[in-house]
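Novice: Sequence plus predicted model, see below.
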Amino acid sequence: MKARLATPILTLVFLIVGGSLAVFPDRVSAHQVWMLGVILLGAPIVFETLRNALRGRFATDVVASLSIIGSVALDQPLAGLVIVLMQSGGEALERYAEGRASAAVRALEEAAPRIGHRVTDDRVTDIPVTDIVVGDDLLVRPGELVPCDGIILGGESELDASSLTGEAVPIAARAGGAVMSGTSNGFGPLRIRATALAAESQYARIVELVRTAQASKAPLQRLADKYAVWFTPITLALCALTVALTHDWIRALSILVVATPCPLILATPVAIVGGINRAARRNIIIRHGGALEQLSRAQVAVFDKTGTITIGKPRVSDVHLARGFSRDDVVRWAASIEQGSSHLLARVFVEAAEASGIGPIAVERHAEAPGQGVYGIVQGHEIRVGARSYVLPHCDGGVIDAAELEHSDATLRAYVAVDRRLAAVIEYADEIRADLPRVLAALHDFGIKRTVLLSGDHAPIARAVAERAGIPETYGDLLPSAKAEFIERLRAENGVVMMVGDGINDAPALSAADAGIALAGHGGGVTTEAADVIILIDSLDRVADALRISRRTMAIARQSIRVGLGLSGLFMVVAAFGVLPPVIGAALQEAIDVAVILNALRSSREPRGPRGFGGTLSGVTHNPERRNEALVRDPPQRVSPLRA
């Protein structure tokens, strides 16, 4: 950024020094100082424009470069120096708006497993993961990342696969099961046999997916360059016509100076900087101007499930009691033995019981089968809580009783047996965010044509959540690679795609999307590095805010460009009649620039009208009645399912 500021600062110095010397005619003339400045500082701009032209890129810089060359050739250095100031100042603003490049790949690689434990003749040797070969027997200790894809040979544990699938519920790990690199081992050591090299395993694929997704994104054409495609030829044609009819090259220079597209150069970066600052005040970090422009053009919204449209933590959704059992007794007995378990669902159940005023009591003979369930004696009753396969074999008529209590749309279940009788089936679900209906309604109002839910969870579970959320299109059982491929297909079929996610498993899809939005309220890491937009608080409504800010910002930028070019076009015609000398033309262009900048700065301010979802944008009004209908359709749960 400092290097970019050097040229506009030096240009100002030459302008000021030359102006000061203008009052001393016997000394070094201001004309010479200005000429020296325009040659020294204008030459890099001209050479850069020429280099881009040789590559086939004709943009806003062409007219500015011709103005600089013409000012030197026709001995009008002051006009040329003003053009250098506007050109270099606009580029500095644009670079500031672009921000820093993503470090997603580096962050992913730093988090990758580094060491594997090879087992040979009952001896364990630490080796770099790059030395692991297919067929190696490996030891994975509790708390470690699995270094490569493999098959479990022995041991029992639980695996945290949330970095790959996004799902918080641990997966039981037993002999014969498959494991993927990047998953975290839980409580017990596992012995696995490598089925793929570390470089070809699942985690390595995620790293490569992020890298290739970022590299494959086509460079975003600047908004200014889109207007320059037609404005530049018109300017050059008018100059040629004027010279052909009048043989006056000074008039041609005046046209070039007035036509120098400073509104194109300045309007977009000033508006984008304002929009980025406006978003930052709403705890939304937009990493660069291209992200803001792409977000403003989004037509498809893709959401991850767990942690994005849901809270990301299971909750007790219902307790189905068998006949003859008291709800309070069953909940108290189950919570008492679950209190000693390390399983996530056990902790959730105990918290729900305590929140309902049902506290745990003393337990005798407590025992846990890791990943399966817990057993104990409470108030003289034999209590067993856990998976279907752990509880029902110990119940008299358990399978028949369970069929009456199971609901097909449940996402997760735990079974409770009391004295060898099935007493209850506990259902768990991931709670949908309360602000989701408002967000979906706002996105529809902003012109989002298609909304899609992608999930690493099982397809039936993903569909059930999507139906509750009001999202019409759902795809489940997707690994990170499949999510990224799906995003690429959407981009090819539907245009600009925005993706909202929160986990490492979403990083490839976030990178593949035109605008990736990361929810980083619980910490970001790799996900934030892969995203273009980062929401710093755990609030989904900021997604709609980001879209609103981006569309308003780009609308202001386009308005500034059109007004600026309209005024420039008017003065070009005046200059063609020989009324405007180059220096006066440069001064008029400065006045246009000030007007453009003042208008573009509106993007940093809150628009008039109600804040947030109730506001308006480009004539679009968010409908509060539709939001209320959505909330009534899926109202927040107020009564604890542990109480009748």
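Specialist: Cool, the structure landed.

Novice: Find the residue closest to Ile285 in space, skipping its chain neighbours.
Specialist: Once flanking residues are discounted, Ile285 sits nearest to Ile534: 4.2 Å by Cβ to Cβ, 6 or more residues apart in numbering. C-beta here means a position set from N, CA and C on the backbone, and glycine is covered the same way.

Novice: who's in contact with the strand or helix carrying the one you found?
Specialist: Following DSSP states H and E, one finds Ile534 within strand 533-535. By Cβ atoms under 8 Å, 6 or more residues apart in numbering, the residues outside strand 533-535 that reach it are 279, 283-287, 291, 295, 515-521, 524, 528, 542-543, 546.

Novice: and if we set it to 10 Å?
Specialist: 279, 282-288, 291-292, 294-295, 498, 500, 502, 510, 515-521, 524, 527-528, 541-543, 545-547, 550 (Cβ atoms under 10 Å, 6 or more residues apart in numbering).

Novice: List the strands paired with it, with their directions.
Specialist: Within its sheet, and counting by DSSP bridges, strand 533-535 is paired with strand 284-286 (antiparallel), strand 515-519 (parallel).

Novice: next structured bit after the first one?
Specialist: Beyond strand 284-286 in the direction of the C-terminus, DSSP H and E gives the next helix or strand as helix 289-296.

Novice: just checking, what packs against that next one?
Specialist: Secondary-structure packing of helix 289-296 (3 or more Cβ pairs under 10 Å, 6 or more residues apart in numbering; DSSP states H and E): helix 77-98, helix 223-246, helix 262-280, strand 284-286, strand 497-501, strand 515-519, strand 533-535, helix 541-576.

Novice: Strand 515-519 and that helix, what's the angle between them?
Specialist: Orientation check (axes from the mean of the first three to the mean of the last three Cα atoms, to 10 degrees): helix 289-296 against strand 515-519 gives 90 degrees.

Novice: Would you indicate which residues of the helix or strand just after helix 289-296 are buried?
Specialist: For helix 289-296, the succeeding helix or strand toward the C-terminus, using DSSP H and E, is strand 300-304. Neighbour counts over strand 300-304 (16 or more other Cβ atoms under 10 Å) mark Val300, Ala301, Val302, Phe303, Asp304 as buried.

Novice: center of this structure - which residue?
Specialist: Ile517 (1.8 Å; Cα atoms, centre = their mean).

Novice: On the pLDDT front, check that one for me.
Specialist: Here, the pLDDT recorded for Ile517 equals 91.

Novice: and what of Phe303?
Specialist: 92.

Novice: ok, Val391 to Leu153 distance?
Specialist: 28 Å (Cβ to Cβ, to the nearest Å).

Novice: What's the separation between His288 and Ile272?
Specialist: 9 Å.

Novice: who's more crowded, those two?
Specialist: Ile272 (30 against 21; other Cβ atoms under 10 Å).

Novice: ok, the more buried one touching Ser560?
Specialist: No - judged on Cβ atoms under 10 Å, Ile272 makes no contact with Ser560 at a distance of 11.3 Å.

Novice: per-residue pLDDT, Tyr390?
Specialist: 87.

Novice: Which secondary structure state is assigned to it?
Specialist: What DSSP: H, G, I helix; E, B strand; the rest coil gives for Tyr390 is helix.

Novice: For the stretch 251-400 of the chain, give me the ranges with low pLDDT.
Specialist: 261-266, 371, 397-400 (pLDDT under 70).

Novice: likewise the stretch 401-550 of the chain?
Specialist: 401, 407-411, 503-504, 521-529.

Novice: That one: strands as residue ranges?
Specialist: Using DSSP state E, counting those that start in this stretch, the strands of the stretch 401-550 of the chain run over 412-418, 421-432, 450-454, 473-475, 497-501, 515-519, 533-535.

Novice: returning to that earlier point: of the contacts of strand 533-535, select the buried ones using a ChimeraX command.
Specialist: Listed next is the ChimeraX selection for buried residues among the contacts of strand 533-535, using 16+ other Cβ under 10 Å:
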select :279,282,284,285,286,287,288,291,292,294,295,498,500,502,510,515,516,517,518,519,520,521,524,527,528,541,542,543,545,546,547,550
